[in-house]
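>>> just coords:
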Ligand code: ADP
Ligand code: ADP
């Protein structure tokens with residue numbers, strides 16, 4: 001589903017590479033944790049998958065497409081197949097829960113009937129039935145993250161990328177979000193999650209890739225967090 005072949009990324013303003021000679025593969029349906037200290041290259045990895053950045057050298061394939069050969073006008077099409085969730089939720093503050101999720105379908109031209117059917121179904125899936133008319137500031141942090149997950153998943157993406165999704169949540173709420181991501185993964189969606197959340201990684205026992213200074217230093221199946229930050 002995702003393949004990096006000898007990928008190096010050097011930002012123009014930077015002396016050392018953000019990622020260096022990274023070769024790795026994520027199979028369809030896998031759940032992968034990306035761990036490593038701040039600045040080790042986790043977000044760069046996620047941005048490269050989305051083609052928000054391009055590699056300095058090397059090749060990247062995502063969902064069967066060679067990103068180098070994917071023309072810029074096809075990038076939105078690639079991104080439709082990838083859901084994203086962030087630490088800071090990134091909801092639209094002036095839209096209701098329903099509208100936040102519906103918006104993801106409206107922008108890709110889905111018909112109103114489908115929106116009316118799919119949005120309540122996904123809100124039900126994430127445990128937010130009954131809250132569809134709330135505004136984001138009327139929700140707890142955990143509920144806001146559930147909206148973000150619903151929005152990322154409503155279009156049934158092939159891949160879900162999550163950048164520190166539990167970073168602003170207390171431990172119990174984080175477990176709830178992880179159960180949701182696990183359930184989404186079980187529907188066949190490939191999940192890649194960058195995290196500093198040691199207890200979550202240690203509880204889930206999924207594949208763990210550790211980066212340090214842009215280099216892959218560990219790739220462990222049913223892995224643990226494995227380092228102190
Ligand atoms: P992480 O997500 O693990 O914290 P990042 O991928 O954000 O790591 O950063 C990796 C390295 O690349 C760091 O040295 C960071 O300072 C640098 N970096 C990240 N984004 C940019 C950017 N847009 N321009 C210049 N340097 C960047
Ligand atoms: P240019 O440098 O003139 O923009 P390129 O032929 O280098 O054109 O790139 C064509 C497309 O592929 C562009 O959309 C560019 O962002 C992207 N691209 C360039 N190099 C890579 C690479 N190594 N991996 C993935 N995409 C790339």
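Yes, it's here. Since this is a predicted model, take the numbers as computed values, not measurements. Ligands and ions are numbered 1, 2, ... in the order given.

>>> what's in contact with the strand or helix carrying residue 99?
When secondary structure is defined by DSSP states H and E, residue 99 falls within helix 97-106. For helix 97-106, contacts defined as CB atoms under 8 Å, 6 or more residues apart in numbering pick out 91-92, 95, 114-115, 118-120, 122-123, 128, 131-136, 139, 147, 150-152, 154-155. Any C-beta I mention is one placed from the backbone N, CA and C, and that applies to glycine too.

>>> if we go by neighbour counts, what in that helix is buried?
Residues 97, 98, 99, 100, 101, 102, 103, 104, 105 are the ones in helix 97-106 that count as buried (16 or more other CB atoms under 10 Å).

>>> got a pLDDT number for the second one?
We note a pLDDT of 98 for residue 98 in this prediction.

>>> quick one: it from ligand 1, how far?
With distances defined as CB to the nearest ligand atom, to the nearest Å, the gap from residue 98 to ligand 1 amounts to 32 Å.

>>> same check, this time on residue 168
16 Å.

>>> buried residues in whichever helix in the chain runs longest?
Counting by DSSP state H, the longest helix found in the chain is helix 171-186. In terms of neighbour count (16+ other CB under 10 Å), helix 171-186 has its buried residues at 173, 174, 175, 176, 177, 178, 180, 181, 184, 185.

>>> just the buried ones from the contacts of helix 97-106, in ChimeraX syntax?
Here is the ChimeraX command that selects the buried residues among those (16+ other CB under 10 Å):
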select :91,115,118,119,122,123,128,131,132,134,136,139,147,150,151,152,154,155
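
>>> gap between the residue nearest the centre of the chain and residue 138?
In the chain, the residue lying closest to the centroid (CA atoms, centre = their mean) is residue 161, at 1.4 Å. With distances taken as CB to CB, to the nearest Å, residue 161 is found 27 Å from residue 138.

>>> what backbone torsions are found at the residue of the chain found nearest ligand 2?
Of all residues in the chain, residue 68 sits closest to ligand 2, at 3.6 Å by CB to the nearest ligand atom. Main-chain dihedrals, residue 68, degrees, to the nearest 10: phi -60, psi -30.

>>> equivalent analysis for the one 10 residues further on, please.
The phi and psi torsions at residue 78 (degrees, to the nearest 10) take the values phi -60, psi -50.

>>> neighbours of it, how many?
Here the neighbour count serves as a burial measure; for residue 78 (other CB atoms under 10 Å) it reads 18.

>>> wait, what's in contact with it?
Neighbouring residues of residue 78 by CB under 8 Å, 6+ apart: 50, 51, 62, 63, 65, 67, 70.

>>> my read: the second one touches residue 70, true?
Yes - here residue 51 reaches residue 70: they are 6.9 Å apart, a contact under CB atoms under 8 Å.

>>> ligand 1 contacts on the chain?
Neighbours of ligand 1 within the chain, by CB under 6 Å from any ligand atom: 11, 13, 14, 18, 36, 38, 39, 40, 41, 42, 43, 44.

>>> next, count neighbours for the closest residue to the first one other than its chain neighbours.
Right, residue 11. Once flanking residues are discounted, residue 11 sits nearest to residue 18: 5.9 Å by CB to CB, 6 or more residues apart in numbering. Here the count is done by other CB under 10 Å, and residue 18 has 23 residues near it.
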